Every structure is written in structure tokens, then in C-alpha cells.
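Student: return atomic coordinates for the entry below.
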Amino acid sequence: MTVSDAQRIFDIPEIDIPLGTALPPGWLALLSGHSGSGAPVLAKQFAHAGVGQVPVLFYTTYERTDDVTKAFSDLGWDPASVTVVNLADEYYERVLVHGLDVARAREVGLSLADVTSNPGRSRTGSSFSLTNRMLSDLAGIDSPFRLVVDSVDFFFEVLEPHDVTTVARQIRHRCQTIGGQALLTAHSIAHDRAVFGLLQDLADVVFELRAEPRHDRYDHTLYLEKVANRPSLTHIWRAVMGEGGWYVEERRPTPS
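Tutor: Next up is the predicted model:
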């Protein structure tokens, strides 16, 4: 059995085949994985799997844009086929720099040159909204799309918890409306459990990628923890990193 290009999730047959036919045309997925687990690579693999079929948007909140595009290139994927948006950089330029300007003005005052060279900065900086920036992009798309937010940890830092779940609901609704496929990643397990539980409830599919020490190396395990209303499809695989990204193998019992 095979899946169509539009049904590819990670370009991993063991995952794509059962999920490709079980999921509706538009859905939201959540991928968690602590630092060092390899979840960011899997997020990029999700983005790459949609290339050539639909517009692909990759929102990074912690990596430099050059690092994201280099990672795509290193894996043999064309970074030019993905629209990379650096929300952390935009937040710095539009909000944090504004805050530095305010602090400087309070401390030493503003010169005439400062005022004339940066007209309007104090008015526009504080009004910047991460969620509006992303949702306005989605509003401009009227056909199926693929979207990655890597990761929502940054949202938890700068937004109120209910705002994080609200934007997840908005992304999911847009996916359902026009057949989009979105993946949110979380790299930290320190978030409010109630709020993170809401994200898991909102997601149609929930994955977790773990790295666990074993002797002189790390074993990686990919957990498929939720599939909409199909609990029979949940699964656990051994995850292996290859030259072209992640692939999975059936887990074998550990010898006693």
C-alpha cells in the first residue's frame, strides 16, 4: 500500500501509510522532544515532505535563518522551496529593540538625530504581534498548505498561556477550512501541564521523540501517542537518523 504525495507526513512509509488515510484533509499535529532529541530535524522533514505539493511555511523561533536553510541543504533538501520566517528576529527588531530605545531614552534622553532617523519606531514597535504576523500569512493563503512552528516554547515565553492555545485553535481552524497541515513543536517539558494538555487535546496527531542514554550512545524512540479517534493506530518505533533524515524500525524487546 502506498500514499499519494498529498498524504506524505514525514516521508516515512511506516507512518505515512496508516496516517495518510486515517486523517482528514486538514489537521494539526504536535511534536514534543527535549533538547537533543532530534525533534527539530523531524520538523524540517515534515516541511520537506510537503514541497512540490503545497506552499510550505517554516516559522523558526530559536534558530538563525541561515542555520535552518543550512540544515535543509545538509540533508539534501532544497531550502529555497520552503518559506522560512524567523519570528524571534522579528520580535527582537520590533519589540525588544523598542524596549532598549525606551530604556535609553529614560536614562540619557533622545537627541534630535534619534527622533528624525527613527520616526514612528516607538509607535510601531510595541504593537507588533507574533500571532497576528503568522495568522496574517495564513489568511493570505486560500488553498492547502503546510506549516511548521518550531517551536511554541518561544510563544510560552512572550505570550499569556491562553494566547498560545488560542493561536493553536486558529491554526487548526484554518487547516480544517482549506485543507492545511500544520505541525507545532515543543522542546521543553517545563510548560504548564494544563496548558500543554490543551495543546495535545487540540492536536489531531501527537508525536514524541525521545533520546535515552544506553551505554556509550543514545537510543531514539518515536512515539505516536494520539491519532484523532483511532487509538488503534498509536505506535512506538525505534528512530534512526540517516543521511536523508529520520527513518523508523520496529522496536525489539531489550534483552534481559
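Student: how about the helices in the stretch 1-150 of the chain?
Tutor: Assigned by DSSP state H, counting those that start in this stretch, the stretch 1-150 of the chain shows helices spanning 13-22, 39-49, 65-74, 87-91, 97-108, 112-117, 121-125, 130-139.
Student: pick out the shakiest of these, pLDDT-wise.
Tutor: Mean pLDDT is lowest for helix 121-125 among the helices of the stretch 1-150 of the chain, at a mean of 40.
Student: quick one: neighbours of residue 209, just the number.
Tutor: Residue 209 is surrounded by 22 other residues when neighbours are defined as other CB atoms under 10 Å. The way it works is simple: take the backbone N, C-alpha and C, and place the C-beta from them, glycine included.
Student: tell me the phi and psi of it?
Tutor: phi -110, psi 120 (degrees, to the nearest 10).
Student: kindly state the pLDDT recorded for the nearest residue to residue 191 once chain neighbours are set aside?
Tutor: When the adjacent residues along the chain are set aside, residue 191 lies closest to residue 156, with 5.5 Å between them (CB to CB, 6 or more residues apart in numbering). Model confidence at residue 156, expressed as pLDDT, equals 89.
Student: ok, residue 146 next?
Tutor: Residue-level confidence at residue 146 comes out at 97, pLDDT.
Student: who's in contact with it?
Tutor: For residue 146, the contact set (CB atoms under 8 Å, 6 or more residues apart in numbering) comprises 46-47, 49-50, 53-57, 180-182.
Student: how about residues contacting the host helix or strand of residue 197?
Tutor: Per DSSP states H and E, residue 197 falls inside helix 193-202. Contacts with helix 193-202, where a contact means CB under 8 Å, 6+ apart, come from 28, 30, 152, 156, 161-162, 164-165, 168-169, 172, 184, 186, 206, 225-226.
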